[in-house]
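Participant: when you get a sec, could you give me coordinates for this:
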Amino acid sequence: MLRILKKALFTGVKSEVLAEAGEQIETVGPELEAAIKKRFRGSLAIRAVDAGSCNGCELEIHATNNCYYDIERYGIHFTASPRFADMLLVTGPVTRNMETALIMTYEAMPKPSLVVAMGDCAANCGVFGKNNYAIAGAVADIIPVDVVIHGCPPEPTDIIRGILTAISRT
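Facilitator: The predicted structure follows:
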């Protein structure tokens, strides 16, 4: 608990300057749209799974869908079913309760599927630590991961860049 409080105090306010973010999204966005049109014929379906996070990453995912970033204009849609998903976006360390559900979700996806681990917790268990009795491990310990987006939580522009990186690698 003290470790999390200490991190929050030393991190400070992480609000981004809107002018900078606007310029970044206007440069990365068209690249993303072109990659989606080329690889997925205009539409990328993403299934987001919270494997045990603190919900900070989920708030940033919601921010990518707000009217400012509006990633849907580039052809990205979130789906509730893994059977229709092209990409799996996993947040948080994988808890023992979510381990089986995450594996079943991954196996239900059509192949080839892309997996993106979003946030420091998904990458290396972050503030929760691997030595916790409730944590099964990082996402890469459970299912194969194509791209890791670092940050606690990553900003919406970092999420968009991570999705573009995953698409570009295929």
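Participant: show me the contacts for Ala8.
Facilitator: By Cβ atoms under 8 Å, 6 or more residues apart in numbering, Ala8 lies in contact with nothing. Using the backbone N, CA and C atoms, a C-beta is placed for each residue, glycine as well.
Participant: give me the element it is part of.
Facilitator: helix 2-11 (DSSP states H and E).
Participant: nearest spatial neighbour of Val127, chain-adjacent residues omitted?
Facilitator: What sits nearest to Val127 in space, not counting adjacent residues and going by Cβ to Cβ, 6 or more residues apart in numbering, is Ile4, at 5.3 Å.
Participant: how many residues are close by the one you found?
Facilitator: Here the count is done by other Cβ atoms under 10 Å, and Ile4 has 12 residues near it.
Participant: state the distance from the residue positioned nearest the centre of the chain to Asn66.
Facilitator: Nearest to the mean C-alpha position of the chain, by Cα atoms, centre = their mean, lies Met118 at 3.5 Å. As judged by Cβ to Cβ, to the nearest Å, Met118 and Asn66 stand 17 Å apart.
Participant: also Thr100?
Facilitator: With the distance defined as Cβ to Cβ, Thr100 ends up 33 Å from Asn66.
Participant: and Ser113, by the same measure?
Facilitator: Ser113 is 27 Å from Asn66, where distance means Cβ to Cβ.
Participant: three-state assignment of Arg47?
Facilitator: What DSSP: H, G, I helix; E, B strand; the rest coil gives for Arg47 is strand.
Participant: that one - nearest residue in space that isn't next to it in sequence?
Facilitator: Ala85 (3.7 Å).
Participant: can you pull the contacts of that neighbour?
Facilitator: Applying Cβ under 8 Å, 6+ apart to Ala85 gives the contacts 45-47, 79, 109-110, 113.
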